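In: below: sequence and its predicted model.
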Amino acid sequence: MESYLNDNFGDVKAKNSSEEALRRWRKLCSVVKNPKRRFRFTANLSKRSEVEAMKKTNQEKLRIAVLVSKAALQFIQGITIRSGYVVPEEVKAAGFQICANELGSIVESHDVKKLKMHGGVDGIANKLSTSLSNGLTTANERLKRRQEIYGINKFTESMVQSFWVFVWEALQDTTLIILAVCAFVSLIVGITMEGWPKGAHDGLGIVASILLVVFVTATSDYRQSLQFKDLDKEKKKISIQVTRDGFRQKISIYDLVPGDIVHLSIGDQVPSDGLFISGYSLLINESSLTGESEPVCINAEYPFLLSGTKVQDGSCKMLVTAVGMRTQWGKLLATLSEGGDDETPLQVKLNGVANIIGQIGLFFAIITFAVLAQRLVSRKYSEGLLLRWSGDDALQMLEFLAIAVTIIVVAVPEGLPLAVTLTLAFAMKKMMNDKALVRHLAACETMGSATTICSDKTGTLTTNRMTVVKVCICKNVVELISDKDVNLSSYIPDDVRKTLLQSIFSNTAGEIVTDQGGKLEILGTPTETALLQFGLSLGGDFQVLRQESDIVKVEPFNSTKKRMGVVLQLPGACYRAHCKGASEIILAACTSYLDSAGNVLPLDEAAMDHHKRTIDSFASEALRTLCLAYKELGGDFSAKEQIPFEGYTCIGIVGIKDPVRPGVKESVATCRTAGITVRMVTGDNINTAKAIARECGILTDDGMVIEGPKFREKSLEEMNKLIPKIQVMARSSPLDKHTLVKHLRNMFNEVVAVTGDGTNDAPALHEADIGLAMGISGTEVAKESADVIILDDNFSTIVTVAKWGRSIYVNIQKFVQFQLTVNVVALIVNFSSACWSGNVPLTAVQLLWVNMIMDTLGALALATEPPNDELMQRAPVGRSGRFISSTMWRNIFGQSMYQFMAIWYLQTQGKAIFGLDGSTSDLTVNTITFNSFVFCQVFNEISSREMEKINVFKGILQNYVLLGVLMTTVVFQFIIIQFLGDFANTTPLTLKQWFATIFIGFLGMPIAALLKLFPTRSI
């Protein structure tokens, strides 16, 4: 079966599956009882085609708009344009001078002419009653009025379907419809023949069973849909930095309104349509909107920013002009949300299993009906009554049809693929509580197979709470015990201190602002925050120092260059460049340094060795090192030039402490026990990386440490030998991380999980089997490329995700084992009885009840088993593991054989065993058989909790869902047997008979334990 599934249903991958693969498996599913339910949690491929068509239209629109705006820009230079625009009265009454449609058309159409007509960005800001420096005033009434005029920043979402929609969908099961028709005919014929109410019992029994199945199914599906809706809301929670009331603050993107001043930096998603106010080196990736991957340069001449696009480089301030469904992104997102998630590999495989068993069930159902009908026709023929059919004969033929259809109901395990969804929905909800937000369903099950985790250092293995603890300035190394103890005046002269503060406060992506309480607040990454805090401790004033010079050009930090730079225009029209970044890289660009007197001296070999030893000393103490340098550029520099990267003067080296997170060492040890290799991939200095890796337990005596530049120089053959030994990669670029992940997956067939937080990590996150983005330090670009977002940036949470992944995989295996056992037994029992005796022991109503036990209730019981620590003491499944293992087949066939033999024995010897005779003996035997069969499933459900271990009771009292399902099943079974005999074709049993049937069911447990003693070949 496994090879058939791999050949026909194995094309669908955990991520990035082709549309052809997604269409192919759907066509292969020939036996589907209820397509609406079966394919509810699969991708809507037609909607996705609509999205691609919209992207192409957007691309063409933008291309034309750019050409038109360039032509218009040349034409209107120096021309005064008169406005013919008339402000609507409603807008004017609200205190604004421009309406939402006019605002939206300016940005969406890139209309330079219209923008100039309204007075440019300044004019638009005035008409929106906002300040480009202080932002909006947040008086409640004013904001509410603004939302009424311009709309809110929310997108149209599909409404939560009501419970009755799920009831309607459950009723569209083909087999249930046929049974309903049978029930209706049975009611008519029965009432005609035997009157009311006796003649209605069989028909009403089937109707009641159908309604019970429908309502239980609908309730389960409805709860799943609510869980997915809640998780969907969590995925869309994005915060953004804005200026309001003159203060920088963080708000939800849903609270943005036209007139807001938004601060964007590298990796951010543009939250609305808007206009560029000011910024540096801004490159925008519009591929999410247009499909075009080439980044667009945004500046004062071309200021149009579109919602949903990503900041690839640089930073800026933006004036919000249009929000929500008034943006192109809003319209695209509304369609995109209907496209749904790709189906997971397990969902597809289990659809394949359901299809195979469904075809077998259909064959057996037809044969069963044919055998039963043939026996009736033969009897009628032998009695010479072939042409004379009574109402009883019609009812009997109808019963045969109902039994055949019910065999299909039981045989087609429609619940298998839906059990995956149920398990994933349950796990995703629980993982959310454990600080992991799953963006793609398939990531849950894939994480359970992970064999390698490539982890970042900063913020994942460490706390990301950084402080400067050591500095080397003017060749003097100073240890900073606390902020209050900083006194560098005795080590460095004032002019060096001023240059150092200028470097810290000017060459930064962070900012120091005053909050509403009048306190200073540092904004920026943890590294920037540590440096700015150090600058403040030296007595620096951020705002004063920034006003002393003008920033001419900024080159933001990125993980490829590992540096950032800025050019300042100083008083007197001379220019100075500041640079900071990876210590070795910046030091290599220096030709001089500052001595203790503040003199600029050549960086000779002795001075270079001193600085290098200082870097190594800091790094060996697990400190992150940065080098700060500057260069005088004279009076000639243009913003169009690149910032030079040679001939710098070294100001100093800072050592930043970032402590290892508590519990990381234990989590790494857990991974090692679980057969998962942890590799650290970091941009830090090699000695820092080594020290942290040893502290975390990642670097072992036989492990290898390599630097990114050396790794990328290796040949393919050398990489093959090196990669299995690599435990730490230092000074790595995003391309190095991508290469490592690619080779681990393709050459060594590893299932790789990768962490990332930066924009440049997106390719590696996309390439990996499971991309894990950081929720706190991660950029929106990284989060969008990831499959799981680690909300607390903690490595221990990644291990929890792996544990949940394994739990999901094992839980689905348990349910599959349980359901296939019921399928096999129900098929064989009814088919063999029909062929042997011409009757079936399990009626349509009884089979519907069994179907509900094994389908909806069984999935609830077994698929929601919480994870345990023992899961992390077994080897990972990996990429080549078989889902339906030989252990499962052993348990399925062993348990099926026992159940079949027990039921067959009851059918043939039941009367003798229980001393039954008289007219009701057949009904009593059938009732005993039915009761035994149900209790076999109850105890098999408990046995299925463990596929290999004999002790199946461990932790059972903590699984309230399982206990609830078992109790519900037993109570309803008692009611069916003792009180609903007329409808369910049963008769009340004596205490002795109850004890016997329960004991027969219980015997399945020791037999399951005995089966587990027989070894199976390792998979």
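Out: All right, it came through fine.
In: so in the chain, which helix runs the longest?
Out: The helix that spans the most residues within the chain, counting by DSSP state H, is helix 795-837.
In: and the next helix or strand past that one?
Out: helix 844-852 (DSSP states H and E).
In: could you tell me the angle between that next one and helix 795-837?
Out: Using axes from the mean of the first three to the mean of the last three Cα atoms, to 10 degrees, the direction of helix 844-852 lies 160 degrees away from that of helix 795-837.
In: helices or strands up against helix 844-852?
Out: Here helix 844-852 touches helix 174-194, helix 201-235, helix 391-411, helix 795-837, helix 921-943, helix 981-984, going by 3 or more Cβ pairs under 8 Å, 6 or more residues apart in numbering; DSSP states H and E. The way it works is simple: take the backbone N, C-alpha and C, and place the C-beta from them, glycine included.
In: in terms of secondary structure, what does the helix or strand just after the last one contact?
Out: Going down the chain from helix 981-984, the next helix or strand is helix 991-1011, by DSSP H and E. Counting contacts by 3+ Cβ pairs under 8 Å, 6+ apart, helix 991-1011 packs against helix 886-914, helix 921-943.
In: could you single out the most deeply buried of these?
Out: When neighbours are counted by mean count of other Cβ atoms under 10 Å, the highest per-stretch mean among the helices and strands packed on helix 991-1011 falls to helix 921-943, a mean of 23.
In: helices and strands around that helix, which ones?
Out: Packed on helix 921-943, when contacts are counted by 3+ Cβ pairs under 8 Å, 6+ apart, are helix 795-837, helix 844-852, helix 858-863, helix 886-914, helix 960-979, helix 991-1011.
In: pLDDT averaged over the third one - what is it?
Out: Averaging pLDDT along helix 858-863 yields 79.
In: so which of the helices and strands packed on helix 844-852 gets nearest residue 744?
Out: Put simply, out of the helices and strands packed on helix 844-852 the one that sits nearest residue 744 is helix 795-837, at 16.2 Å, with distance taken as Cβ to Cβ.
In: how far off helix 921-943 does the closest one point, in degrees?
Out: An angle of 160 degrees separates the directions of helix 795-837 and helix 921-943 when computed by the same axes, to 10 degrees.
In: now do helix 795-837, average pLDDT.
Out: Mean pLDDT, helix 795-837: 85.
In: got the angle for it vs helix 991-1011?
Out: Going by the same axes, to 10 degrees, helix 795-837 makes 120 degrees with helix 991-1011.
In: helix 795-837 to helix 886-914, inter-axis angle?
Out: Using the same axes, to 10 degrees, helix 795-837 lies at 40 degrees relative to helix 886-914.
In: run the chain-centre distance for the longest helix of the chain.
Out: 25 Å (Cα atoms, centre = their mean, to the nearest Å).
In: next: stretch 941-957.
Out: When distances are taken as Cα atoms, centre = their mean, stretch 941-957 is centred 30 Å away from the chain's centroid.
In: and that stretch, how far apart are its ends?
Out: 15 Å (Cα to Cα, to the nearest Å).
In: give me the most central residue, the chain.
Out: The geometric centre of the chain, computed from its C-alpha atoms, lies nearest to residue 439 (Cα atoms, centre = their mean), at 2.0 Å.
In: roughly how far does that one sit from residue 428?
Out: Noted for residue 439: a distance of 10 Å to residue 428, by Cβ to Cβ, to the nearest Å.
In: same check, this time on residue 110
Out: 40 Å.
In: secondary structure element holding residue 742?
Out: Under the criterion of DSSP H and E, residue 742 resides in helix 734-746.
In: buried residues, that helix. List them.
Out: Of all the residues in helix 734-746, those buried under the rule 16 or more other Cβ atoms under 10 Å are 734, 736-741, 743-745.
In: just to be sure, residue 951 is in a helix?
Out: No - counting by DSSP: H, G, I helix; E, B strand; the rest coil, residue 951 is not part of a helix but coil.
In: show me where pLDDT drops low in the stretch 901-1019 of the chain?
Out: 1017-1019 (pLDDT under 70).
In: got the contact list for residue 251?
Out: Taking Cβ atoms under 8 Å, 6 or more residues apart in numbering as the criterion, residue 251 is in contact with 239-240, 242, 244.
In: and which of those residues is nearest residue 643?
Out: Distance from residue 643 was checked for each of these by Cβ to Cβ. The minimum falls on residue 240, at 28.8 Å.
In: now that closest one: which helix or strand?
Out: strand 239-244.
In: so what does that strand touch, helix or strand wise?
Out: The elements that strand 239-244 packs onto, with contact taken as 3+ Cβ pairs under 8 Å, 6+ apart, are strand 247-252, strand 261-265.
In: what pairs with the longest one, parallel or antiparallel?
Out: For strand 247-252, the paired strands and their directions (DSSP bridges) read strand 239-244 (antiparallel).
In: quick one: the partner strand to chain centroid distance?
Out: Between the centre of strand 239-244 and the centre of its host chain there is 26 Å, according to Cα atoms, centre = their mean.
In: relative to strand 261-265, how tilted is it?
Out: Using the same axes, to 10 degrees: strand 239-244 against strand 261-265 is 140 degrees.
In: alpha carbons of strand 239-244, in CSV - could you do that?
Out: Taking Å, rounded to 0.1, in the frame of the first residue of the first chain, the C-alpha atoms of strand 239-244 are listed here in CSV:
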residue,chain,number,x,y,z
SER,A,239,2.1,46.1,14.9
ILE,A,240,3.7,49.2,13.4
GLN,A,241,5.5,52.3,14.6
VAL,A,242,3.7,55.6,14.1
THR,A,243,4.0,59.2,15.3
ARG,A,244,0.8,60.5,17.0
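In: quick one: the strands in the stretch 501-650 of the chain, in order.
Out: Assigned by DSSP state E, counting those that start in this stretch, the stretch 501-650 of the chain shows strands spanning 511-514, 520-523, 550-558, 563-570, 574-582, 590-594, 600-602, 623-634, 648-657.
In: any idea which of the ones you listed gets closest to residue 19?
Out: Taking Cβ to Cβ as the criterion, strand 550-558 is the member of the strands of the stretch 501-650 of the chain that comes nearest to residue 19, at 33.7 Å.
In: isn't residue 372 right next to residue 400, touching?
Out: Yes - with contact taken as Cβ atoms under 8 Å, residue 372 and residue 400 are classed as touching, separated by 4.2 Å.
In: I figured residue 456 hits residue 764, correct?
Out: No - Residue 456 lies out of contact with residue 764 (Cβ under 8 Å); the separation is 10.3 Å.
In: list residues touching both of these two?
Out: Common contacts of residue 456 and residue 764, defined by Cβ under 8 Å, 6+ apart, comprise residue 756.
In: ok, back up a step: the helices and strands packed on helix 991-1011: which one's closest to residue 183?
Out: For residue 183, the closest of the helices and strands packed on helix 991-1011 is helix 921-943, at 19.3 Å, according to Cβ to Cβ.
In: quick check: angle from that closest one to helix 960-979?
Out: Relative orientation of helix 921-943 versus helix 960-979 (the same axes, to 10 degrees): 170 degrees.
In: would you mind giving the helices and strands packed on helix 991-1011 as CSV with distance to residue 784 added?
Out: Compiled in CSV, the helices and strands packed on helix 991-1011 are given as follows (distance: least, Cβ to Cβ, whole Å):
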stretch, distance to residue 784
helix 886-914, 38
helix 921-943, 41
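In: got a markdown table for the helices and strands packed on helix 921-943, with distance to residue 936 too?
Out: Conversion of these to a markdown table gives the following (distance: least, Cβ to Cβ, whole Å):
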| stretch | distance to residue 936 |
| --- | --- |
| helix 795-837 | 8 |
| helix 844-852 | 10 |
| helix 858-863 | 13 |
| helix 886-914 | 5 |
| helix 960-979 | 12 |
| helix 991-1011 | 5 |
